[in-house]
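S.K.: Have a look at this prediction, sequence included:
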Amino acid sequence: MKTYQEIHYEVDSPSAIITLNRPEALNALTNNMMEELKHALAAAENDAAVVGIILTGEGRGFSAGMDMNSLDAQASGTKGTGAEFRKLDADPGDKSMGENFHIAFTYLMSIRKPIIAAVNGPCAGLGMSIALLCDMRFASENCKFITAFSQRGLIAEHGQSWILPRLIGPARALDMLWSSRRIGAEEAKEFGLVDRVLPHDELLDATKAYIKELADNCAPISLMVMKQQIYKHLNVSL
């Protein structure tokens, strides 16, 4: 099994659990972490023992968004910060979904297996985009969602202007994007931003149990094709 520097990957059949693992930085994303995440997702997608994938964060939060040092490095044309940047040989997702589903993190929607974000705490910026592009979101009672862009003079980035109104409607999407206010677990559930709110200590086990229920009762090929249908049909007429 591949050894990663900034994520943790394990298979607890029928689940693969991918954990963003920079807790000292609230799992802020580096170039290296994003490359490792893509590689781990490809490994899970190609593992016959895996029916569903869980994406979560180590420590007290899911992800604070992009690491500011990595942003500075991108602006200056260098590779990044923290662990040495490594280009790993992995390209997950179904290419038949088309180019739109392979721009930045939209490839999450083209991965052929269910992906559930287990949002265990603060989830901001690019970290929030990743959670939104997963198929479902199970949230700890401690979770907080923060778009963060308007307070930095930015626009809605990383696909949020496309996915957010589809999940919660235009008005609520604009409220979140304009105000950059913190949305807690119960409000996120009311909005439709998350599918389940769970006690913090039960979050991961409950997410695993959901995937086990799918594995026990559903045909994996049905799950795969239904996922393709749902995302493809967001972009086509009836």
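M.R.: Done, it's in.

S.K.: Based on its surroundings, how many neighbours for Arg182?
M.R.: Using other Cβ atoms under 10 Å, Arg182 has 15 other residues around it. To be clear about C-beta, it is placed using only N, CA and C from the backbone, and glycine gets the same treatment.

S.K.: Okay, it and Ile163: tell me how far apart.
M.R.: Look at Arg182 and Ile163: by Cβ to Cβ, to the nearest Å, they are 19 Å apart.

S.K.: Next: Leu193.
M.R.: In terms of Cβ to Cβ, Leu193 sits 11 Å off from Ile163.

S.K.: Mind listing the shared neighbours of these two?
M.R.: Leu132 (Cβ atoms under 8 Å, 6 or more residues apart in numbering).

S.K.: Return the helix or strand in this structure with minimum mean pLDDT.
M.R.: Every helix and strand of the chain was ranked by mean pLDDT, DSSP states H and E. The lowest is helix 68-76, at a mean of 57.

S.K.: after it comes which helix or strand?
M.R.: strand 115-119 (DSSP states H and E).

S.K.: Which strands or helices does that following strand pack on?
M.R.: Applying 3 or more Cβ pairs under 8 Å, 6 or more residues apart in numbering; DSSP states H and E, we find strand 115-119 packed against strand 52-57, helix 125-133, strand 136-140, helix 203-217.

S.K.: Tell me how many other residues surround Leu154.
M.R.: 11.

S.K.: Now for it: which residues touch it?
M.R.: Contacts of Leu154 (Cβ under 8 Å, 6+ apart): none.

S.K.: where does the chain have low pLDDT?
M.R.: Applying pLDDT under 70 to the chain picks out residues 1, 70-85.

S.K.: Was I right to think Ser180 contacts Phe145?
M.R.: No. Counting by Cβ atoms under 8 Å, Ser180 sits too far from Phe145 to count as a contact (10.4 Å).

S.K.: which of these two has more neighbours?
M.R.: Neighbours per residue (other Cβ under 10 Å) separate Ser180 from Phe145, with Phe145 holding more: 28 against 15.

S.K.: and that one, what does it touch?
M.R.: Applying Cβ under 8 Å, 6+ apart, the residues near Phe145 are 119, 123-124, 128, 131, 176, 182-183, 188, 193.

S.K.: Next up, phi/psi of it, please.
M.R.: Backbone torsions of Phe145, given as degrees, to the nearest 10, read phi -110, psi 130.

S.K.: gap between the nearest residue to Phe191 once chain neighbours are set aside and Val194?
M.R.: Nearest non-adjacent residue to Phe191, counting by Cβ to Cβ, 6 or more residues apart in numbering: Ile168, 4.5 Å away. With the distance defined as Cβ to Cβ, Ile168 ends up 10 Å from Val194.

S.K.: quick one: which of these two has more around it?
M.R.: Using other Cβ under 10 Å as the criterion, Ile168 and Val194 rank with Val194 on top: 26 against 19.

S.K.: Now that one: which helix or strand?
M.R.: Going by DSSP H and E, Val194 is not in any helix or strand.

S.K.: That one and Val119 touch, don't they?
M.R.: Yes. Look at Val194 against Val119 with Cβ under 8 Å: they come within range, at 6.8 Å.
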